[in-house]
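Peer 1: Dropping the sequence and predicted coords here.
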Amino acid sequence: MISTARAFKQAGIHAPVLGEVYVSQKRQFNSLDHYSKYGEGGRNSFNGTVATVFGATGFLGRYVVNRLTRAGTQVVIPFRGSEDDVRHIRVMGELGQIVFMDYDIRDYESILKTMTHSSVAINLVGRNYSTRNFSMEDCLVTGAQSIARAAKEHNIKQFIHVSALNAKAASKSKFFQLKAKSERAVTEIIPSATIIRPAECYGQEDRYLNKFAYLRKLPFGVPLVGSGWNTTKRPVLISDVAQGVVNAVRDKTTIGKTFELYGPEEYFLHDMVAFVYRMIKKPFRAIPVPMQAYTVAGWLGEQSIFAPKLTRDLALRQFLSEEINEDAYTFEDLGISPENMNDAALAILRRHREYYYHDQVLDENEFCKPITAYQ
């Protein structure tokens, strides 16, 4: 049995486990020699970047980790709770490529420890509602401050903070207010932080398009404020946003910039929900309801002893139009062409169909009509 240090020496490789690597490749080597690729050669390579990803167990996080490891990045994942919570992430990288570390977002020392060898820190931590252990402000603002402070203390070269498209201090939504506050908190500590503001994302396990599909079980129709004609959305595919984060890590010119990531088309909410029902082959009927009725439903959802599927703030956000800044950096500046919802959504929602409709495809006439078609 040969030691790891000796094997690396014989192969002409000088590389710490975490950190920058210097590789001198050897043309002739036997089966006892260990060989490590340098560069973006896939999951069994190392491109020289070590990234600590906070919030990796969330919806966006698993997509970001998968693409980082595929590009040869070593990833440190802070997590809390049981190891069962991260077992689906273990298979996203080669043995030793992903390192899991226990942490508590209220324990600053545990946050510091996760960035000891990192060159990039990514904050994806989010929360749609408060619990008895963590309030939304604890997660979105206080946690972001602690992570930014730790990154600055370790002199992290690149800090990426994921916010939200409608993040504004004057927003009616508490979530968007806190997202705006977290941006200010992060940039006060690290002025060179990269801010990414995605629109509402859809994907295989989303709580967006799938949520509307589940409402088919309601007996009279889908309740929508103003029947959905007063709300406009720019849905974006979750994998496009994840690739945007990865491209921001690769491209150092993104440092200090703010990106708004949204889908290529803008839709009325009514048209989006009708499109979902055309895809799942179910009849659609919009029931106009006042915002107060949704607020009451959100309050009732907050009384659940389980994770609430609807809260008052979620109800409000559902009927807030997504506004963009035409002068902001976008997908184009990251070298990405976002996928259209008409092309991507069927693969996500096909499972809601009856078996005898499963393989049917949509005709172009059934696609969701963008707002520009009304003009």
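Peer 2: That came in fine, so what should we check first?
Peer 1: From now on I want contacts and neighbour counts done on CA atoms only, so please keep to that.
Peer 2: Will do.
Peer 1: ok, now how distant is the nearest residue to residue 106 once chain neighbours are set aside from residue 357?
Peer 2: Residue nearest to residue 106 in three dimensions, not counting chain neighbours: residue 143, with 7.2 Å by CA to CA, 6 or more residues apart in numbering. Applying CA to CA, to the nearest Å, the value for residue 143 to residue 357 is 46 Å.
Peer 1: which residues are in contact with the helix or strand where the residue nearest to residue 106 lies?
Peer 2: Using DSSP states H and E, residue 143 sits within helix 143-153. Residues external to helix 143-153 that are found in contact with it (CA atoms under 8 Å, 6 or more residues apart in numbering): 105-106, 108, 111-112, 115, 121, 123, 125, 159, 182, 185-186, 189-190.
Peer 1: Stretch 187-203 too?
Peer 2: 145, 148-149, 152, 158-167, 183, 186, 208-209, 234-239, 241, 245, 254-263, 322, 345, 348.
Peer 1: can you rerun that using 7 Å?
Peer 2: Stretch 187-203 has contacts (CA atoms under 7 Å, 6 or more residues apart in numbering) with 148-149, 152, 158-165, 208-209, 234-238, 241, 254-262, 348.
Peer 1: circling back to that earlier point, PyMOL command to pick out the buried ones of the contacts of helix 143-153?
Peer 2: To isolate the buried ones among those in PyMOL, judged by 16 or more other CA atoms under 10 Å, type:
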select buried, resi 105+111+112+115+121+123+125+159+182+185+186+189+190
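Peer 1: Now go through the contacts of helix 143-153 and say which are in strands.
Peer 2: Those of the contacts of helix 143-153 mapping onto strands are 121, 123, 159, per DSSP state E.
Peer 1: Adding pLDDT and distance to residue 369, write these out as TSV.
Peer 2: Converted to TSV, the ones in strands among the contacts of helix 143-153 look like this (pLDDT from 0 to 100; distance: CA to CA, whole Å):
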residue	pLDDT	distance to residue 369
121	98	39
123	98	35
159	98	38
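Peer 1: ok, and residue 273, which helix or strand is that part of?
Peer 2: Following DSSP H and E, the helix or strand that holds residue 273 is helix 269-279.
Peer 1: What's the first helix or strand after that helix?
Peer 2: Once the chain leaves helix 269-279, the next helix or strand it forms, by DSSP H and E, is strand 286-289.
Peer 1: buried stuff in the helix or strand following that following strand?
Peer 2: For strand 286-289, the succeeding helix or strand toward the C-terminus, using DSSP H and E, is helix 291-302. Residues of helix 291-302 classed as buried: 294, 295, 298, 299, 301, 302 (neighbour count, 16+ other CA under 10 Å).
Peer 1: Likewise for stretch 301-309?
Peer 2: Residues of stretch 301-309 classed as buried: 301, 302, 308 (neighbour count, 16+ other CA under 10 Å).
Peer 1: who touches the most centrally placed residue in the chain in this structure?
Peer 2: Within the chain, the residue whose C-alpha comes closest to the C-alpha centroid is residue 60; the distance, by CA atoms, centre = their mean, is 2.3 Å. Residues near residue 60 by CA under 7 Å, 6+ apart: 238, 242.
Peer 1: Next, the angle from the top helix by length along the chain to helix 143-153.
Peer 2: Assignment by DSSP state H gives helix 174-189 as the longest helix of the chain. Counting by axes from the mean of the first three to the mean of the last three CA atoms, to 10 degrees, helix 174-189 lies at 20 degrees to helix 143-153.
Peer 1: Neighbouring strands - and their directions - for the helix or strand following helix 174-189?
Peer 2: Using DSSP H and E, the helix or strand that follows helix 174-189 towards the C-terminus is strand 194-198. In the sheet, strand 194-198 lines up against strand 158-162 (parallel), strand 258-261 (parallel) (DSSP bridges).
Peer 1: could I get strand 194-198 in PDB with only the CA atoms?
Peer 2: What follows is strand 194-198, C-alpha atoms only, in PDB (Å, rounded to 0.1, in the frame of the first residue of the first chain):
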ATOM      1  CA  THR A 194     -22.100  40.100  -6.600                       C
ATOM      2  CA  ILE A 195     -25.900  40.400  -6.200                       C
ATOM      3  CA  ILE A 196     -28.200  38.100  -8.200                       C
ATOM      4  CA  ARG A 197     -31.900  38.700  -8.300                       C
ATOM      5  CA  PRO A 198     -33.900  35.900  -9.900                       C
END
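Peer 1: pLDDT wise, what is the closest residue to residue 85 other than its chain neighbours at?
Peer 2: Closest residue to residue 85 in three dimensions, ignoring its sequence neighbours and counting by CA to CA, 6+ apart: residue 57, at 7.3 Å. You'll see residue 57 listed with a pLDDT of 91.
Peer 1: lowest average confidence, helix or strand, in this protein?
Peer 2: For the chain, the helix or strand with the lowest mean confidence is strand 22-23, at a mean of 42 (criterion: mean pLDDT, DSSP states H and E).
Peer 1: pretty sure residue 219 belongs to a strand, no?
Peer 2: No: read with DSSP: H, G, I helix; E, B strand; the rest coil, residue 219 is coil and lies in no strand.
Peer 1: Mind listing the residues bridging to residue 52?
Peer 2: Under DSSP bridges, the residues paired with residue 52 across the bridge are residue 76, residue 121.
Peer 1: how near is it to residue 160?
Peer 2: Counting by CA to CA, the gap between residue 52 and residue 160 amounts to 10 Å.
Peer 1: Need the overlap of contacts for those two.
Peer 2: By the contact definition CA under 7 Å, 6+ apart, residue 52 and residue 160 are jointly contacted by 121, 122.
Peer 1: what stretches of this protein score poorly on pLDDT?
Peer 2: For the chain, applying pLDDT under 70 flags the ranges 1-37.
Peer 1: of all the ones in strands among the contacts of helix 143-153, which comes closest to residue 327?
Peer 2: The shortest separation between residue 327 and any of these is 22.5 Å, and it belongs to residue 159 (by CA to CA).
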